[in-house]
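Participant: Predicted coordinates and the sequence they were generated for:
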Amino acid sequence: MNKNTIINGTVQILLSIFWIYHYAILLYQYHFTDILFAFMYPDWTLILFILMGVLGILTGAYVILGKKKIKTGYLQILGFLIIGIIIDLIVIS
């Protein structure tokens with residue numbers, strides 16, 4: 001194992017955990033608080049984003065274990081982000 005792979009894999013995992021945390025908090029606030037939102041994402045969208053975050057964590061773990069290259073891991077996480085942005089644009093419009 002290389003020090004670069006451990007650092008980059010950890011960064012990828014932390015980014016994915018932030019992604020999951022953001023949408024899990026939003027899902028929680030939609031259902032269990034009295035906050036009035038001007039716009040709400042559908043539940044399927046939030047769950048899909050959380051699942052993409054879990055895939056990002058797996059990607060980071062594969063980078064740490066050396067099963068994937070660092071560049072491939074970042075490209076996959078970037079792909080998840082682009083897919084998320086496209087879904088956001090479709091749901092909003």
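Facilitator: Looks like it arrived, so ask away. Numbering: from 1, shown residues only.
Participant: in this structure, what residue sits furthest out from the centroid?
Facilitator: The C-alpha centroid of the chain is most remote from D34, which lies 26.0 Å away (Cα atoms, centre = their mean).
Participant: Quick check: phi and psi on that one?
Facilitator: In terms of degrees, to the nearest 10, the main-chain angles of D34 are phi -100, psi 20.
Participant: pLDDT of the helix or strand where L58 lies, averaged?
Facilitator: Assigned by DSSP states H and E, L58 belongs to helix 43-65. In this model, helix 43-65 has a mean pLDDT of 95.
Participant: Could you list every helix and strand in contact with whatever helix or strand comes next after that helix?
Facilitator: For helix 43-65, the succeeding helix or strand toward the C-terminus, using DSSP H and E, is helix 70-92. With contacts defined as 3 or more Cβ pairs under 8 Å, 6 or more residues apart in numbering; DSSP states H and E, helix 70-92 has these neighbours: helix 3-32, helix 43-65. Any C-beta I mention is one placed from the backbone N, CA and C, and that applies to glycine too.
Participant: The longest one packs against which elements?
Facilitator: When contacts are defined as 3+ Cβ pairs under 8 Å, 6+ apart, helix 3-32 packs onto helix 43-65, helix 70-92.
Participant: State the distance from L26 to Y41.
Facilitator: Separation of L26 from Y41 (Cβ to Cβ, to the nearest Å) stands at 7 Å.
Participant: neighbour count winner among these two?
Facilitator: Neighbour count, other Cβ atoms under 10 Å: between L26 and Y41, Y41 has more, with 19 against 16.
Participant: so is that one in a helix, a strand, or just coil?
Facilitator: Applying DSSP: H, G, I helix; E, B strand; the rest coil to Y41 yields a three-state assignment of coil.
Participant: residues in contact with it?
Facilitator: Contact analysis of Y41 by Cβ atoms under 8 Å, 6 or more residues apart in numbering lists L26, V91.
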